[in-house]
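Chemist: curious how this folds, go ahead:
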Amino acid sequence: MKKLLLVSVMFISASLIADGHDKKEKNTKERMQNHPNHLISFKDCKETKEGIGGLLFAADSAWKEVEMSPENQEKWEEAIVLVDLAANYSTIYDVWCKDMVNQRMKMRMKADKKKDGKQKQKNKEDN
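Modeler: Now for the predicted structure:
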């Protein structure tokens, strides 16, 4: 009898401890902001993408300067640093942003498809 009582008390206390989740309904944005894999917002991803483009443009102009004067060590270093920065930020974008952007595009396409379906149905009913 003591064992049964002990096991039931442990089971109930474990259930109460594990039930520490917030029961309020959260919208998708709040859930994603609190998600452990969500480090960068969509806006930050967009800025990262634009920054990568800027770094690649600067690296391209630095390489053109290197082609004009290949003996200039500072221009070589500048070009290498810019290309390395662009590569590093591209990796960050691929890891943290690419899937999020793709998922967002899929959701938009589904919403547009659903909207078009409703519009076609409405047009059918009107005719």
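Chemist: CA only for contacts and neighbour counts going forward, please
Modeler: OK.
Chemist: next, give phi and psi for Ile40.
Modeler: Main-chain dihedrals, Ile40, degrees, to the nearest 10: phi -120, psi 130.
Chemist: use 49 as the first number for this chain going forward.
Modeler: Understood, numbering begins at 49; the last thing we discussed is Ile88.
Chemist: now the closest residue to it other than its chain neighbours: how far from Arg152?
Modeler: Excluding its sequence neighbours, the residue lying closest to Ile88 (C-alpha to C-alpha, 6 or more residues apart in numbering) is Trp144, at 6.9 Å. According to C-alpha to C-alpha, to the nearest Å, Trp144 stands 13 Å off from Arg152.
Chemist: Cys145 now?
Modeler: Counting by C-alpha to C-alpha - Cys145 and Arg152 are separated by 10 Å.
Chemist: max-length helix in the chain?
Modeler: Using DSSP state H, we find that the single longest helix of the chain is helix 146-174.
Chemist: and that helix, which residues are buried?
Modeler: By 16 or more other C-alpha atoms under 10 Å, the buried positions in helix 146-174 come out as 146, 148.
Chemist: what mean pLDDT does that helix have?
Modeler: Taken as a whole, helix 146-174 carries a mean pLDDT of 76.
Chemist: so which other helices or strands are in contact with that helix?
Modeler: Of the remaining helices and strands, none touches helix 146-174 by 3 or more C-alpha pairs under 8 Å, 6 or more residues apart in numbering; DSSP states H and E.
Chemist: make it 10 Å
Modeler: Helices and strands touching helix 146-174, by 3 or more C-alpha pairs under 10 Å, 6 or more residues apart in numbering; DSSP states H and E, are helix 90-116, helix 121-140.
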